Each structure stands twice: as C-alpha cells, then as structure tokens.
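1. below is the sequence, then the predicted model.
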Amino acid sequence: MVSSYCTFADTVKDYVGGFTSKQMIVIGILLLVAIGFGFMLGAIITYAAGVRKGRGKKKASARVLKKMQREMAEQRDLAIAEADKKTQELLAEREADSAALQETREKLEQMEKSNQEAQEQMRLMREKGVSLEKKTKIDLLTKKEIMEFASGLSDYAPVNVYARGGELPDSCRVGICTFMLVYERKNMIKLVLRLHKKTAAELKKYKLFTKAAFPKGGDWYKWILSPEVQDLSVVTAAIRIAYKYVYLTNYDEQTGDIDVEYANREEAKINEDILKYKDLPDRDFILASDECGESAAYSLYGKKEMAAYALSLAPEYRVTVTEAESDASPSTCKVDGKSFLLAYEKDGVSKMIFRASDEGFERLRAKHPRLTVSPFPKAATYQWYVTVIDESFRSNEDIEEIIKEACAHVCES
C-alpha cells in the first residue's frame, strides 16, 4: 500500500511540475477554500432566488386575497340588495293588505249606515201611516224623475238605466241585475220592485201595493203610486231598499263577484216575461190612472203664468226665463244664472219644483201640507222641493209666495 501511495504521489508530483509537499498543502488548502467559497456563493444565490420566489408568492397570495375579498364584498352587497328588495315587497304587500282591509271596513260601515237609514225610513213610514180624507188624485212623480233618482244610487254598484219606450217599462239594474221596472200612464206611475218579504209586509198598508203577476220569481211586487202616497221619502226609501236587496242577493258582499251566467239567465227570463205579458192589461193601474185623469184639479195657473210672475220680479232680482221646448219639458227660471224654479204643466195639471231654505220650506209647508222633498233634480249641496198646484192653494198669491221665496233664497245663497 505504501508503494501505491508513493507511486500516486510521484505521479501527482510529475503532473504539477515538482511542487514541494508544503506547496501542495498550500494549494490543497486554497482549493478547499475556493470550493467552500463556491458552495457559499451557490447557497447565497439559491437563498436569494428563494427569497425572490417567496416574495412573488406573497404578492400573488395578496392579489388572490384581494380578489376574494372583492368577490365576497360584491356577494354581500347583492345579498343586502336582495334583502332590501324582499323587505320592500313585504312592506308593499302589508300596505296593500292594510288598504284592502280598510276598504272592506269602510264598505261594511257604509252598508251598515245604509241599512240603518233604510230601517229608519221604514220606521218613520210605520209611524206616519196615511189617513187622508181629501184626495186630489194627482201624482207628484214622473217616470223621468224616478229614473233620474235611481241612476244616482251608487252605495254598492252603479245603476244602469234602460228605456224601452211605448207601453213597455223602463228598467233599472244594479250591475247586471234588474231591481225595478217603471210604468207610466197618464199622470200615474207604477213601480215593480224586487223586495224582501219583510219590506213588502211594511208596504202592504198601501192598498195599491201587491204581489206582481210578473216577472216570475216570488219576490216581485207592484206599487201603483196613487195620491195616498204623500211622502216621497217612502218611495225613495223603497227604491233604495230594492237596490240594496238585489245587490246583496246576487253579489258576493265582500268581493263583489257574481255568477254572470246565472244572472244573465235570470235577466233573459225577466225580458221574456215583460214581452209575454205586455198585452195583459193591469186593470188596477188602468182604473187608477183613468180616475186620476178624470178627477184631477185643473189649474188656470200654469207654467206660463209661473214664468210671467217670475219675470215680474226682474226690477228687484236679475231673473231670466227659458221657455219649455215641449209640453213635457219645464220652463226654467233663474236668478243670477242659478235655477230656482222649474214649472211643469201636463194635461191641465201644473207642478212646480223649487228651491228653498230649510226654514222657508217648513214655513211654506205649514200653509201647504202637500209640499214635499223632490228627488229631482239631483244636487249635492242643496235641496229641491215639489208641489202640485191644486185647490189647496186658495189664491194665486199663495203660489206667487212660493216663487218669490225660492227666488230670494237662491239670490242670497
């Protein structure tokens, strides 16, 4: 082995040119230092590369984190917006439900009020009764006035008015359901009303109120408005009750829905009955209207005289008169452009519709008990009154007093 070492040493010595052992040791040390320095330099370079890589990863992680935070913020904002939308929808639904509930409550209160008013009208009707020794056989109402009154009813649903003409009746419907037929002959009116049996029992005290032969159905009644019916509030109350009764019978009280198919079938039957029985004479109606025409108190103080007296007030009041276009139309008297008197005349019978204060009406009514409230024309803020000019007026001055009272009242109001 010593021999091998010597050989290797000799070889190295030959290769390096004959360096001494000390020189070789120094060279070896230098090589070791160079190699160590190389390792250190490599380690430094590797470490620096790793640091740079770590910083890149850290920056990349920061970008990813920011992106995630941004996406989470967007999702949060969307969730908040969706929650706000749902909240607003719930609030809107709650407000709608509250409004619907309030509307239903108001409707029920209105129905209750209407029912109480109708009951009060019927109570007054029972208390007053009718006991007239002297009958003039003059009707205060016309078909036009009744249809005008009925068309203004709107507590439950609008009223539709249908005029048939000739001897056929005009009809009034609440929605699509008929509640009244109106006949007119000479100076007499006949109503055919659909009523509850309890209401009919109250009205049977009038001798010309009875069960109707048609339309068929069991709850139709006819009422010939003879002179015994002096209080128009009784007539208007009966019309209101028929309107309400038919609505509540055919329509859902809460929703207003109706079985349209069934209602149309019933209306078809009513129309069939009207045409079927049109030639069947109503003897009660014929006799009553003939008697009314024959025994009516004819007045020489007609609408021309009323218009002439109204114009005579011109020095004191600014009165104008519009003459009637036909016999069926009234002469209209105005003061300062506002109507205060409608003068009618038909078949020799005169009637005036006039305005007055509550106190003035009561004062005039004390002298002329036949003065009463008129349902026509309709007015929202004031009242019209009506009377027929008959033998209860002892002189022309009594008639002219009413005309002047009406003119002064409208001029001052």
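-> Yes, it's here. Numbering: from 1, shown residues only.

2. report the contact partners of residue 257.
-> residue 251 (CB atoms under 8 Å, 6 or more residues apart in numbering). C-beta coordinates here come from the backbone N, C-alpha and C atoms, glycine included.

3. that one and residue 263: what is the separation?
-> Distance, residue 257 to residue 263, using CB to CB, to the nearest Å: 11 Å.

4. tell me the strands in the stretch 301-413 of the chain, going along the chain?
-> For the stretch 301-413 of the chain, applying DSSP state E, counting those that start in this stretch gives strands covering 319-322, 331-335, 338-346, 349-355, 372-374, 384-389.

5. can you list the ones you listed in TSV and add mean pLDDT?
-> Below are these laid out as TSV (pLDDT from 0 to 100):
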stretch	mean pLDDT
strand 319-322	92
strand 331-335	94
strand 338-346	91
strand 349-355	90
strand 372-374	89
strand 384-389	89
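
6. so which of these is nearest residue 167?
-> Smallest distance to residue 167 across those (CB to CB): 17.8 Å, for strand 338-346.

7. follow-up on the earlier one: which of the strands of the stretch 301-413 of the chain is buried the deepest?
-> strand 349-355 (a mean of 25; mean count of other CB atoms under 10 Å).

8. next one: it to chain centre, how far?
-> 35 Å (CA atoms, centre = their mean, to the nearest Å).

9. gap between residue 182 and residue 86?
-> From residue 182 to residue 86 the distance is 57 Å (CB to CB).

10. so which of those two has more stuff around it?
-> residue 182 (24 against 10; other CB atoms under 10 Å).

11. isn't the more buried one right up against residue 171?
-> Yes - when contacts are counted by CB atoms under 8 Å, residue 182 is listed as touching residue 171 (7.5 Å).

12. just checking, residue 181 touches residue 168?
-> No - using CB under 8 Å, residue 181 is not in contact with residue 168, being 9.1 Å away.

13. show me the common contact partners of the two, please.
-> residue 274.

14. counting neighbours, go ahead and name the busier of those two.
-> A count of neighbours by other CB under 10 Å puts residue 181 above the other of residue 181 and residue 168, at 24 against 13.

15. make sure the more buried one is indeed in a helix.
-> No - Residue 181: not assigned to a helix; according to DSSP: H, G, I helix; E, B strand; the rest coil it is strand.

16. residue 411 and residue 305, how far apart?
-> 21 Å.

17. and the contacts of stretch 305-315?
-> 319, 321, 323, 331, 333, 335, 341, 343, 350, 352, 396, 399-400, 403-404, 407.

18. ok, those vs residue 74, which is closest?
-> residue 335 (76.4 Å).

19. following the helix or strand hosting residue 77, which helix or strand shows up next?
-> Per DSSP states H and E: residue 77 is located in helix 21-128. Using DSSP H and E, the next helix or strand after helix 21-128 towards the C-terminus is helix 143-151.

20. give the buried residues for that next one.
-> Of all the residues in helix 143-151, those buried under the rule 16 or more other CB atoms under 10 Å are 143, 145, 146, 147, 149, 150.

21. who does residue 258 bridge with?
-> residue 251 (DSSP bridges).
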